[in-house]
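Participant: coordinates only, sequence not included:
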């Protein structure tokens, strides 16, 4: 018996030794795995911090490209009401397919969510777009640029009133946000009002008919600026309402964007039929610039860009999104000088520098505010 007990004791000691060795062998692997996971999470965290700024700068560039294509299409006789119908129809098709592929869940369709979706569909795809296209025909480019530049400021004021944005004059981060916003608006005003000497990048193309346009602008001086102002107001309301909807409901940005574009396309169809009932030619789609406008504006802008905007509105808010909008003016200016052979004025370059500086100051204030809230 004693011999058997000694054998059992020896076996237990050997077994404990083997388990101890196995634990020692496995420990470094676990440490390496945990280290790799922490490193991957750290890298992903850095990407998540930088991504909103990259998306914020990408959106105005994509919208700026839309301005260039749309300008060429309208010069070739494209009807803006038909254009709005086609682009929102394409966007709705692409977004609905995306919801099916990604299996985006439907939110709980409460009465208030339905009302908000309908209101968003009326504000941006219909009212804002119709107002801006109608107003730009009768408003000087410089004056319309000044009106559009007020959009970020109106968004900041509206967000502060609705307590979506924290502003306290005594806080340095709030002072930075206000100073940055003032500089962004000032830069937009400089671009619109001050020309200065011209800088020719390439041989400029001459545009005829300037006297006819000026005469028409004088006749519609009140109507044009009013329409542009209403367009800016509708866009501000859209961004604020979209931010509130994405943050206070379980509706995903993809579902919201698809729903808005679909309802907007139906409303655009009614408007287009009413405005172009006597002309069937404007509905014909051929292999020309108008087709490029429809595809780019529908898929890239109303589809992809609108989805990115809704994501930013949920994550960072309307003030963050609209603060990047003046970059579209800079992008259009650069492309116009290089591709369309348009001249650049010193005032445009000066205004661009002010916009970029103000944007950095504003985002610094936003980052400080976010860090304070997280802390």
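Facilitator: Arrived safely, thanks for sending. Please read all numbers here as calculations on a predicted model, not as lab measurements.
Participant: Every contact and neighbour count from this point should use C-alpha atoms.
Facilitator: OK.
Participant: Flag the shaky bits of the stretch 1-150 of the chain, pLDDT-wise.
Facilitator: 1-46, 140-143 (pLDDT under 70).
Participant: How about the stretch 251-375 of the chain?
Facilitator: 340-342, 372-375.
Participant: In it, mark out all the helices, start to finish.
Facilitator: 253-275, 289-295, 306-315, 318-323, 327-338, 346-374 (DSSP state H, counting those that start in this stretch).
Participant: which of the residues in the third one are buried?
Facilitator: Across helix 306-315, burial judged by 16 or more other CA atoms under 10 Å covers 306-314.
Participant: Next: the fifth one.
Facilitator: Counting neighbours by 16+ other CA under 10 Å, one finds that the buried residues in helix 327-338 are 327-334, 336-338.
Participant: repeat for the last one
Facilitator: By neighbour count on 16+ other CA under 10 Å, the buried set for helix 346-374 is 346-356, 358-366, 368-369.
Participant: Including distance to residue 242, could the helices of the stretch 251-375 of the chain go into CSV?
Facilitator: CSV is the format used below for the helices of the stretch 251-375 of the chain (distance: least, CA to CA, whole Å):
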stretch, distance to residue 242
helix 253-275, 9
helix 289-295, 25
helix 306-315, 7
helix 318-323, 8
helix 327-338, 21
helix 346-374, 20
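Participant: quick one: the strands in the stretch 101-250 of the chain?
Facilitator: Listed in chain order, the strands of the stretch 101-250 of the chain (DSSP state E, counting those that start in this stretch) span 198-199.
Participant: Which residue is the nearest non-sequential neighbour of the most centrally placed residue in the chain?
Facilitator: Closest to where the C-alpha atoms of the chain average out (CA atoms, centre = their mean) is residue 309, at 3.7 Å. Spatial nearest neighbour of residue 309, excluding adjacent residues (CA to CA, 6 or more residues apart in numbering): residue 321 at 7.2 Å.
Participant: and if you look at residue 95?
Facilitator: residue 258 (5.1 Å).
Participant: residues touching that neighbour, list them.
Facilitator: For residue 258, the contacting residues are 91-92, 95-96, 99, 303, by CA atoms under 8 Å, 6 or more residues apart in numbering.
Participant: ok, now how distant is it from residue 295?
Facilitator: According to CA to CA, to the nearest Å, residue 258 and residue 295 sit 17 Å apart.
Participant: With residue 301 instead?
Facilitator: Residue 301 is 9 Å from residue 295, by CA to CA.
Participant: and these two? which has more neighbours close in?
Facilitator: Using other CA atoms under 10 Å as the criterion, residue 301 and residue 295 rank with residue 301 on top: 23 against 16.
Participant: from what I can see the more buried one touches residue 60, true?
Facilitator: No. Assessed by CA atoms under 8 Å, residue 301 is found out of contact with residue 60, at 9.9 Å.
Participant: Find residues that contact each of these two.
Facilitator: What both residue 301 and residue 60 touch, as defined by CA under 8 Å, 6+ apart, is an empty set.
Participant: Residue 57: neighbouring residues, count only.
Facilitator: Neighbour tally, residue 57, other CA under 10 Å: 18.
Participant: start the count at 549, not 1, going forward
Facilitator: Renumbered: residue one is now 549, and that last one reads residue 605.
Participant: what about the helices in the stretch 599-748 of the chain?
Facilitator: Assigned helices in the stretch 599-748 of the chain, in chain order: 628-649, 659-669, 677-684, 689-697, 699-709, 720-741 (criterion: DSSP H, counting those that start in this stretch).
Participant: quick one, which of the ones you listed is packed in tightest?
Facilitator: Comparing the helices of the stretch 599-748 of the chain by mean neighbour count (mean count of other CA atoms under 10 Å), helix 720-741 comes out on top with a mean of 23.
Participant: List the contacts of residue 813.
Facilitator: By CA under 8 Å, 6+ apart, the neighbours of residue 813 are 632-634, 636-637, 640, 673.
Participant: ok, now with 10 Å
Facilitator: 632-640, 669, 673-674, 807, 819 (CA atoms under 10 Å, 6 or more residues apart in numbering).
Participant: Then residue 732?
Facilitator: Per CA under 10 Å, 6+ apart, neighbours of residue 732: 697-698, 700-701, 726, 738, 871-875, 899-910.
Participant: Burial check on the residue nearest to residue 746 when sequence neighbours are not counted, number of neighbours?
Facilitator: Counting by CA to CA, 6+ apart, residue 746 lies nearest to residue 893, which is 4.3 Å off, once chain neighbours are set aside. Number of residues near residue 893 (other CA under 10 Å) recorded here: 18.
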